[in-house]
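> sharing a model that was predicted from the sequence below.
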Amino acid sequence: KRIVIFASGSGSNAENIISFFREKPQVEVAAVLTNKSSAKVLERCDRLGVPAFYFNKIAFKDSDTVVQFLEGIQTDLIVLAGFLWKIPSNLIQSFPDKIINIHPALLPKYGGKGMYGERVHQAVKENNETETGITIHYVNENYDEGAIIFQAKTKVIPSDDANSIAEKVHQLEYEHFPKVIEKLLS
Ligand code: GRF
């Protein structure tokens, strides 16, 4: 089975997924796509020996460029890991129930356009939440609204700040995301 990861930033989840499947013969990360030519995920892929491709807005907006690329490399599952653009509907139509995303909060709370990274954890802190977590879900035409596949929770204590919350959430991502992907592909 061939996974393609979309990432816009650091790519720590992408690296974690690549490493996890490195020793599993049935599944491989065939490529990583990014919309940021400076994304740190590109350096990670160089080090890990994984093909990585930069697609600018024109390419993503163009009707079939990305679809043809993904079909061309026999993609079985598209994994969004910190990808900040909305997925074009023709891509969703071409890969029905084959695009998943991870969101660093317990959707439907703290989701939607513009809610990513620090902002999510800051909002959780400001609302005095006693727990937060991760949501892995199918991707549809709207940000963070597809069917939920998996959620995991962690406690939030008054002394937590956005950074300490982010750290707890990243640990949940690293622990669960590869295993959820493995189950989906089995
Ligand atoms: C993660 O927190 C993920 O939940 C969110 O974006 C972040 C990506 O981090 N979608 P990284 O680029 O994998 O380090």
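Nice, thanks for sending it over. Computed from a prediction, not measured in an experiment: that's the story for all the values here.
> check the chain for the residue nearest the ligand and tell me.
Gly82 (2.5 Å; Cβ to the nearest ligand atom). Quick note: C-beta positions are derived from backbone N, CA and C, even for glycine.
> that residue is in contact with Ser8, isn't it?
Yes. If you go by Cβ atoms under 8 Å, Gly82 and Ser8 touch, sitting 5.8 Å apart.
> the two: which has the busier surroundings?
Gly82 (23 against 18; other Cβ atoms under 10 Å).
> now do the SS call for the more buried one.
coil (DSSP: H, G, I helix; E, B strand; the rest coil).
> give the contact list for it.
Ala7, Ser8, Gly9, Ser10, Gly11, Asn13, Ala14, Ile102, Tyr116, Gly117 (Cβ atoms under 8 Å, 6 or more residues apart in numbering).
> now with 7 Å?
Residues in contact with Gly82 (Cβ atoms under 7 Å, 6 or more residues apart in numbering) are Ala7, Ser8, Gly9, Ser10, Asn13.
> C-alpha coordinates for the one helix or strand Ile165 maps to, CSV please?
Assigned by DSSP states H and E, Ile165 falls within helix 162-185. Provided in CSV are the C-alpha atoms of helix 162-185 (Å, rounded to 0.1, in the frame of the first residue of the first chain):
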residue,chain,number,x,y,z
ALA,A,162,-0.1,26.8,24.8
ASN,A,163,3.4,25.3,24.5
SER,A,164,2.9,22.6,27.2
ILE,A,165,-0.5,21.7,25.7
ALA,A,166,1.1,21.5,22.2
GLU,A,167,3.7,19.1,23.6
LYS,A,168,1.1,16.8,25.1
VAL,A,169,-0.9,16.9,21.9
HIS,A,170,2.1,16.1,19.7
GLN,A,171,2.8,13.1,21.9
LEU,A,172,-0.7,11.8,21.2
GLU,A,173,-0.2,12.4,17.5
TYR,A,174,3.1,10.5,17.4
GLU,A,175,1.6,7.6,19.4
HIS,A,176,-1.6,7.1,17.5
PHE,A,177,-1.5,8.5,13.9
PRO,A,178,0.7,5.7,12.4
LYS,A,179,-1.4,3.0,14.1
VAL,A,180,-4.7,4.5,12.9
ILE,A,181,-3.3,4.7,9.3
GLU,A,182,-2.1,1.1,9.6
LYS,A,183,-5.6,-0.1,10.6
LEU,A,184,-7.2,1.9,7.8
LEU,A,185,-4.9,0.2,5.3
